[in-house]
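Chemist: build me a structure from this.
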Amino acid sequence: MSVNVVSPSPEFVTWRGNPSSELQQRTSELEAEASVLRCFDPTLVPGLLQTRDYAHAVLDPLTNGGNLAAAVDKRLNRQQQWRASSTVTHFLLAEQALHTRIGDPEITRVQLEMLLRPLPPTVTLGVLPRPSQLLSSTTNFILYDDTLAAVETVTGSLRFTDHTSISDYLTVFDTLTAGAVFGHRRPKPSSAKPSPTTSNPRRR
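Modeler: Numbering: from 1, shown residues only. Down below sits the predicted model:
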């Protein structure tokens, strides 16, 4: 039996050798360009919703000896820019993300309290309960409109711009959303699938 191996098409941004603050800046630029963000994380609270102490604890082992304070400041600046924008954002967390202890218990407690505060009217936050039936197995990912899907790995970030991959991630996000619990606002399913010409060369 042979395996069909496809030449790698996604861009790979490595963590090694890239200061965390610069990686944060690159992500901030992607967020500023997007009209709609869709974020799924099975284990952690997303960066745009993190408190300073939580972000510090998350980024500490990832800075590779770089400037941790600068990376945390850049993440919080991203939050300010995002909150000041009109970007429609759908956050989806697995319930485990609320139980993962980051830093000491007090850091986690304050972070959970932060999630209870009102969000901008263009933002939804859903939680996929632990007893939910497994409908799709996936790692964390972020969709920027229907032009880019970013998937974080241990060593870097994979960024897909091809039609098939983005369509697959949109479908997975809709599937997970259908099984999630929301407050007053629930995101509508993705009505438009990306066309083969939606790849944005500026993001490659």
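
Chemist: for A178, the count of nearby residues, please.
Modeler: 12 (other CB atoms under 10 Å). Every C-beta, even on glycine, is put in place using the N, C-alpha and C of the backbone.

Chemist: quick check: phi and psi on it?
Modeler: Per-residue torsions, A178: phi -60, psi -30 (degrees, to the nearest 10).

Chemist: below-threshold pLDDT in the protein: ranges please.
Modeler: 1-9, 64-66, 134-137, 184, 191-204 (pLDDT under 70).

Chemist: sec struct for T139, please.
Modeler: With DSSP: H, G, I helix; E, B strand; the rest coil as the basis, the three-state label of T139 is coil.

Chemist: disregarding residues adjacent in the polypeptide, which is nearest to it?
Modeler: Leaving aside its sequence neighbours, T139 sits nearest to V151 (CB to CB, 6 or more residues apart in numbering; 6.1 Å).

Chemist: all helices for the protein, in order.
Modeler: Ranges of helices in the chain, per DSSP state H, are 20-33, 52-59, 68-84, 96-99, 105-115, 163-178.

Chemist: distance of W15 from V154?
Modeler: To V154, W15 is 8 Å away according to CB to CB, to the nearest Å.

Chemist: what of R83?
Modeler: With CB to CB as the criterion, R83 and V154 are 30 Å apart.

Chemist: so the two - more neighbours on which side?
Modeler: More crowded of R83 and V154, by other CB under 10 Å: R83, with 13 against 5.

Chemist: do I have it right that that one meets P121?
Modeler: No: proximity of R83 to P121 does not meet the contact threshold set by CB atoms under 8 Å, at 11.5 Å.
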